[in-house]
Each structure stands twice: as C-alpha cells, then as structure tokens.
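Enquirer: heads up, no residue letters with this:
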C-alpha cells in the first residue's frame, strides 16, 4: 500500500516534467526562429524577392498541370478545378510542414561534421534546435501559392457546401501539415543511421507532395494502397478532398475515413517521436 502511494505521489511531477520539457522545446524553437526572422527582415527587399521567387518557382508545378489541360479536358476523370483543389491542398499542407521543419533535411551534414555535438550540450531539446535552425521565412511563398490555387478551385467548383465540408478545409490543411511534419522528423531520424540520406528523405516529402497533386485514379492501385496503409499520405488531401468534391474514394474505402486525418496525424507524430528518440540514442558523435 505504501509502495502504491509512493508511485501515485510521484506521478504528477513526472507529468509536469514532461510538460515542462515540451514547453522548453517550444520556447526554444520560438526564440531561435525569431532570431532568424529578425536577421531576415533586416534586409526587407531581399526578403520580398526571396518570397516572390519561392512563389514563382513553386508555381511552375501548376503551370505544368495547366499545360496538360491545354491538351486534354480531364486527367484521370478529374477536371482542372478538381485537380487544382487537390494541388492547392497538398501544396499548402506541405508548405506549413516545410516552414516549421524544413531545416531537418540538413541533419545529415551535422552528423557527418560533428556540429550536432554542440546542440547536445545545451539544455534544450535537440529537435527544437535543429528544426528552428536557419528558419526560412521565404517558404511562405509556397504556402501562399497553395492557398491561392485552393481559393481558385473552390470558386470555380460547384460544391454543395455543408458545415462538415467547410470544417473539412482547415482540418485537411492542419492535419496534412502535421502528417508531413512527422515525415520530416522520421526522415531526419533515419539520417542518424545513414548520415547522407537527405535525398531519401526528400523522396518522401517533396516526392510525396508531388504525388498528391494529381488524382489517385492516374496511379496504380498498389501505389495508392502504399500511400494509404503504409505511409498514409493519402490522408493529407486525397481522402478529405474527395469528400468535399463528392468523389468516390480510392480502394472503395468507407465514408468515415475522410474524418480520420487528425487521428492519422496523431499516430504519425507518435511514431516519428519514437523514431527520433531511437535515432538520437544511436548517435555516437564523430570522435573529433
């Protein structure tokens, strides 16, 4: 009985300790990001040009889609506004994740040259330091481009809006951003082992968002199964967007899966956290 009382008594401080670590990580991330933002805004003209350039370069992907539709009326049975809806949702969700965690793709170089050691001695979570390092505010260009195309699609489409469909839009963008963020973290964890695996990580992040910009009907069913049940990128935009568009789901999935992105995002975050902790424990420094 006394042992049980000791365990119960120790439980709140442990929870408070975990909560405090999360708060410390968020506070450190905010401070590091704010430092880079101040550095960026010191040259406002350069910042405007960088955002504009990012907006234009990322917009070239949609130009390629427009060129396709100059030759065909439909792509995989989808009209241009429907494809634009998928494109805008994917681009905006990925842009949010890239803004917050895009710097993680440089972790491999830190592992190779040993500069990660300087982050380990600081009383701040390593993930917050690496993610906020060189925070690039210019990535707002991709988010803006995605939202503009999403706005065009919603205006061009004849959608019978309901409260659930209106709620699905922000839910889709936020959940998609969290799912892509989890992929960024998991890919960074893999770099602890591979050290030079940024291209492998990019194949799932940048490659994933390119895949989701097109309707699932243009891909083989095995690939659609893979991005639904293995790496659940389909929950970023395919499944919730098809609910808004009134389109049938791939693989004859039930209707309720359109509302599963928040749960999938939470599961992806949990798995990415486990992978990150395992990768960080396996780190043995360079010995220099």
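Expert: That came through fine. If you're wondering where the values come from, they're calculated on a predicted model, not measured in any experiment.
Enquirer: buried residues in the helix or strand containing residue 62, which are they?
Expert: In the assignment (DSSP states H and E), residue 62 maps to helix 44-69. Buried residues in helix 44-69, counted by 16 or more other C-beta atoms under 10 Å: 47, 50-51, 54-55, 58-59, 61-62, 65. (Glycine included, C-beta is placed from N, CA and C.)
Enquirer: now do the contacts for the most centrally placed residue in the chain.
Expert: Central residue of the chain (C-alpha atoms, centre = their mean): residue 180, 2.3 Å from the mean position. Residues near residue 180 by C-beta atoms under 8 Å, 6 or more residues apart in numbering: 93-94, 96-98, 205, 208-209, 236.
Enquirer: and if you look at residue 36?
Expert: By C-beta under 8 Å, 6+ apart, the residues touching residue 36 are 132-137.
Enquirer: residues making contact with stretch 269-282?
Expert: 126-127, 178, 181-183, 185-186, 188-193.
Enquirer: can you pick the most crowded of these?
Expert: Neighbour counts for the contacts of stretch 269-282, by other C-beta atoms under 10 Å, peak at residue 188, which reaches 29 neighbours.
Enquirer: where's residue 182, which helix or strand?
Expert: helix 163-194.
Enquirer: coming back round to it: on the pLDDT front, check the residue nearest to the centre of the chain for me.
Expert: Residue 180 carries a pLDDT value of 96.
Enquirer: so the next helix or strand after the helix holding residue 62 versus helix 44-69, what angle?
Expert: Sequence order places helix 80-101 as the next helix or strand after helix 44-69, per DSSP H and E. Interaxial angle, helix 80-101 versus helix 44-69 (axes from the mean of the first three to the mean of the last three C-alpha atoms, to 10 degrees): 150 degrees.
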